[in-house]
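Peer 1: Below are the sequence and a predicted model; questions follow.
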Amino acid sequence: MKYARIQDGRIFEFFNTEDGVDIKFYFGDYGVWVPVNAKLKPQPEQNWSAHQDEGGTWHFTVPEIPAPTEVESRWQRYALLRATDWAVTRHRDQQSSGGATALSEEDYQGLLRYRQELRDVTQQSGFPAEVLWPAPPSSMAAMLTQDQLRELPAEV
């Protein structure tokens, strides 16, 4: 069973016990340990709050996640554009050298449309807080991995 240790009204840590073994077997009376539903997946660093109602039931509150700032949304867009730079460059190089291209013309045009849609996110009415990020073309989706999303600078 999964337990959360509550300290100062916040989830401080989690501990998993073997099925049927009470948390007190491991910790005695140290700390306030609350059984956690398997569907609940808070992490201590997410700063979830916890409180007990009059009936003794514990309730967990999801912290509000602040909306992204304009700078954060622009950096996300930059990372997504940068993740496809290599494909555009390779295609242009292959065309310039007169060789066969890895992307069909249709796939290349889809990639260019995707990149333009990324540039246009700043025109969305919800920008920067509520951005509808375009999906990469299906021909590129398999090629784009998290490894290609470069780590963003710590400071802007």
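Peer 2: Everything's here; your move.
Peer 1: Check which residues of stretch 51-61 are buried.
Peer 2: Phe60 (16 or more other C-beta atoms under 10 Å). Where you see a C-beta, it was placed from the backbone N, CA and C, and this is true even at glycine.
Peer 1: hmm, I was thinking of stretch 16-30
Peer 2: By neighbour count on 16+ other C-beta under 10 Å, the buried set for stretch 16-30 is 17, 23.
Peer 1: Neighbours of Gly126, how many?
Peer 2: 11 (other C-beta atoms under 10 Å).
Peer 1: Please, which helix or strand holds it?
Peer 2: Using DSSP states H and E, Gly126 is not contained in any helix or strand.
Peer 1: nearest residue to it other than its sequence neighbours?
Peer 2: Leaving aside its chain neighbours, Gly126 sits nearest to Leu132 (7.4 Å; criterion: C-beta to C-beta, 6 or more residues apart in numbering).
Peer 1: and if you look at Val121?
Peer 2: Setting aside the residues directly before and after it, Val121 is nearest to Val131 in space (C-beta to C-beta, 6+ apart), at 5.2 Å.
Peer 1: From Gly110, how far off is the one you found?
Peer 2: Val131 is 21 Å from Gly110, where distance means C-beta to C-beta, to the nearest Å.
Peer 1: coming back round to it: okay but the residue nearest to Val121 is in contact with Gln124, surely?
Peer 2: Yes. With contact defined as C-beta atoms under 8 Å, Val131 and Gln124 form a contacting pair (6.1 Å).
Peer 1: quick one, which of these two is more surrounded?
Peer 2: Using other C-beta under 10 Å, the more surrounded residue of Val131 and Gln124 is Val131, with 16 against 13.
Peer 1: No further queries at this time; thank you.
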